[in-house]
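[1] Prediction below, plus the sequence it came from.
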Amino acid sequence: MRSIGIDIGSTATKVAVLNNNELELTLLAPTGFSSIEAAQKAAEELKAHCIDVADEKVVATGYGRIAVPYAQKAVTEITCHAKGAWWLFGRNGVVIDVGGQDTKVLELRNGMLKKFLMNDKCSAGTGKFLEVMANRMNVTQQQLSDLAAKGEKITISSMCTVFAESEIISLIGRGEPLENIASGVIESVCSKVVALASQIPGDECFLTGGLCDNEYIVGRLADKLGKPVSTRPEARYAGAIGAALAGQRL
């Protein structure tokens, strides 16, 4: 039995195809300006892989879930991330999802969502913050982490992304090494994520979302939390996988 999960986030659109509970295919593309266009492009890409959404069970989730006309159902991203994380890791713990516009923390117990928290509307502890700062420093997000690994920790004191960007411009202007600025940026994000994650008890954390393949950030989160942080490449698709799992019940 095949089912498809479409997770249209503010930054990226993720697609997961489950076939007999095995992950058959994943797709990733920028969401862009229009969630409707992102949904259409996802359908076209699936068609290129010989999968017609008209013939399959499709569930949508994420920021743009209501913009997927061919989905039989829309499910909240919190529910889908919990389902996807349990499918990926299969054990109790705290799920940390650092998204483009928000960060979510979920408590998983015996396959069930027990509690969840989200940051406020400020993007200071999200992937958007990293994107803005990397662009300001004219580096990729991976290069930002590579620089941070070599730098000395400095404090980025501004809580607001706009003010933090101005602070970084000032640091660059006075000749602060890029490695140190990068370290300050990463530490700022990790500190905000940890402050949220620390409010939910658990012996282990699982990182999902766009930062799951960033080894440096995974390590810094583990150090700051004082507990293991597990992840895997497929964890980027946790929301889409959860939506596909919901599709199995249609």
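    Sure thing, it's come through.

[2] The protein: strands as residue ranges?
    With strands called from DSSP state E, the chain shows them at 2-8, 12-19, 22-30, 57-61, 73-74, 93-98, 103-109, 112-118, 205-209, 229-230.

[3] Mind pulling up the pLDDT for the spatially most central residue of the chain?
    Centroid-nearest residue in the chain: G209, 2.2 Å away (criterion: CA atoms, centre = their mean). Predicted confidence (pLDDT) for G209: 88.

[4] Then A164?
    A164 carries a pLDDT score of 79 in this model.

[5] May I have the lowest-mean-pLDDT helix or strand in the chain exported as PDB, CA atoms only?
    Lowest on mean pLDDT, DSSP states H and E among the helices and strands of the chain sits helix 161-173, with a mean of 83. What follows is helix 161-173, C-alpha atoms only, in PDB (Å, rounded to 0.1, in the frame of the first residue of the first chain):
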ATOM      1  CA  THR A 161      17.000  39.000  13.800                       C
ATOM      2  CA  VAL A 162      17.000  42.500  12.400                       C
ATOM      3  CA  PHE A 163      19.000  43.900  15.300                       C
ATOM      4  CA  ALA A 164      21.300  40.900  15.300                       C
ATOM      5  CA  GLU A 165      22.100  41.500  11.600                       C
ATOM      6  CA  SER A 166      23.000  45.100  12.500                       C
ATOM      7  CA  GLU A 167      25.200  43.800  15.300                       C
ATOM      8  CA  ILE A 168      27.000  41.500  12.900                       C
ATOM      9  CA  ILE A 169      27.600  44.300  10.400                       C
ATOM     10  CA  SER A 170      29.200  46.300  13.200                       C
ATOM     11  CA  LEU A 171      31.400  43.300  14.200                       C
ATOM     12  CA  ILE A 172      32.500  42.900  10.600                       C
ATOM     13  CA  GLY A 173      33.200  46.600  10.400                       C
END
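
[6] in that helix, what's buried?
    Using 16 or more other CB atoms under 10 Å as the burial criterion, the residues of helix 161-173 that qualify are T161, A164, E165, E167, I168, L171. Yep, even glycine has a C-beta here, placed from its N, CA and C like the rest.

[7] the inter-axis angle of the longest helix seen in the chain versus strand 93-98?
    Determined from DSSP state H, the single longest helix within the chain is helix 178-197. Orientation of helix 178-197 against strand 93-98 (axes from the mean of the first three to the mean of the last three CA atoms, to 10 degrees) gives an angle of 130 degrees.

[8] contacting residues for the spatially most distant residue from the centre of the chain?
    No residue in the chain sits farther from the centre than R174, which is 33.6 Å out by CA atoms, centre = their mean. Counting by CB atoms under 8 Å, 6 or more residues apart in numbering, R174 makes contact with nothing.

[9] Also the one 3 residues further on?
    For P177, the contact set (CB under 8 Å, 6+ apart) comprises G151, E152.

[10] Find me the pLDDT at it, would you?
    For P177, the predicted pLDDT is 92.

[11] Now do it against E165, distance only.
    18 Å (CB to CB, to the nearest Å).

[12] again with E152
    Using CB to CB, E152 is found at 21 Å from E165.

[13] now E234
    Using CB to CB, we find E234 at a distance of 33 Å from E165.

[14] got it, and T26?
    33 Å.

[15] related to what we said a few turns ago, for the residue nearest to the centre of the chain, give me its contacts.
    Counting by CB under 8 Å, 6+ apart, G209 makes contact with I96, D97, V98, G99, G127, A235, R236, A238.

[16] who wins for most neighbours among those residues?
    Neighbour counts for those, by other CB atoms under 10 Å, peak at A238, which reaches 34 neighbours.

[17] is it true that it touches A85?
    Yes. With contact defined as CB atoms under 8 Å, A238 and A85 form a contacting pair (5.2 Å).

[18] Give me the common contacts of these two.
    V95, T208.

[19] List the buried residues for stretch 18-28?
    For stretch 18-28, by 16+ other CB under 10 Å, it's L18, L23, T26, L27.
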